Structure formats: C-alpha cells, structure tokens
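Engineer: Have a look at this fold, sequence not included:
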C-alpha cells in the first residue's frame with residue numbers, strides 16, 4: 001500500500017504537526033496574555049512578578065536575580 005519512499009514524508013509531517021500542536025498548547029496554557037478564567041483572573045499579565053519567566057526559552061537571563069523596575073499599580 002505505501003511505498004518505501006513515502007514513509008519518511010509521513011514521519012516528518014507527523015512530527016512537525018505534533019510539534020506545532022504542542023507549541024500551541026504550551027502558549028495557550030503558560031502565556032500570560034491568555035486568560036481562561038475571566039471572572040476570577042481578568043488580567044493575568046498584571047500578576048506577574050519581576051522574576052517570573054513568561055518566555056518560552058531564554059538563553060542568558062537568570063530570572064531569579066531580576067529586580068522590579070516599575071511602580072506598583
């Protein structure tokens with residue numbers, strides 16, 4: 001049914017689709033711009049501290065040593 005040459009194509013397309021789905025899931029669950037509970041937490045981005053990591057991957061930043069640079073609202 002499947003030829004030998006089409007198997008790598010399906011493997012790479014399946015891997016890419018799975019990676020894209022996992023990335024979108026990670027953005028939906030851990031990004032502070034997304035609010036799933038608008039009643040109890042309408043603005044989740046305001047509750048981030050100065051040492052919270054919200055980027056997917058950061059190379060040279062140690063978030064535990066950052067200080068707050070702005071005023072409290």
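Structural biologist: It's in. Keep in mind it's a predicted model, so treat the numbers as computed, not measured.
Engineer: which stretches of this protein form helices?
Structural biologist: Counting by DSSP state H, one finds helices in the chain at the ranges 7-30.
Engineer: So which residue is dead centre in it?
Structural biologist: Residue closest to the mean C-alpha point of the chain, counted by C-alpha atoms, centre = their mean, is residue 27 at 3.3 Å.
Engineer: Quick check: it touching residue 34?
Structural biologist: Yes - using C-beta atoms under 8 Å, residue 27 makes contact with residue 34 at a distance of 7.3 Å. No exception for glycine: its C-beta is placed from N, CA and C like everyone else's.
Engineer: picking up where we left off before, the residue nearest to the centre of the chain and residue 33, how far apart?
Structural biologist: As for residue 27, its distance to residue 33 is 9 Å (criterion: C-beta to C-beta, to the nearest Å).
Engineer: tell me the phi and psi of residue 36?
Structural biologist: The phi and psi torsions at residue 36 (degrees, to the nearest 10) take the values phi -90, psi -20.
Engineer: State the number of residues packed around it.
Structural biologist: The number of residues packed around residue 36, counting by other C-beta atoms under 10 Å, is 9.
Engineer: What of residue 44?
Structural biologist: With other C-beta under 10 Å as criterion, residue 44 counts 16.
Engineer: now swap in residue 32 and tell me
Structural biologist: Other residues near residue 32 number 13, with proximity taken as other C-beta under 10 Å.
Engineer: ok, and the closest non-adjacent residue to it?
Structural biologist: Distances taken as C-beta to C-beta, 6 or more residues apart in numbering put residue 45 closest to residue 32, at 4.3 Å, once the chain neighbours are dropped.
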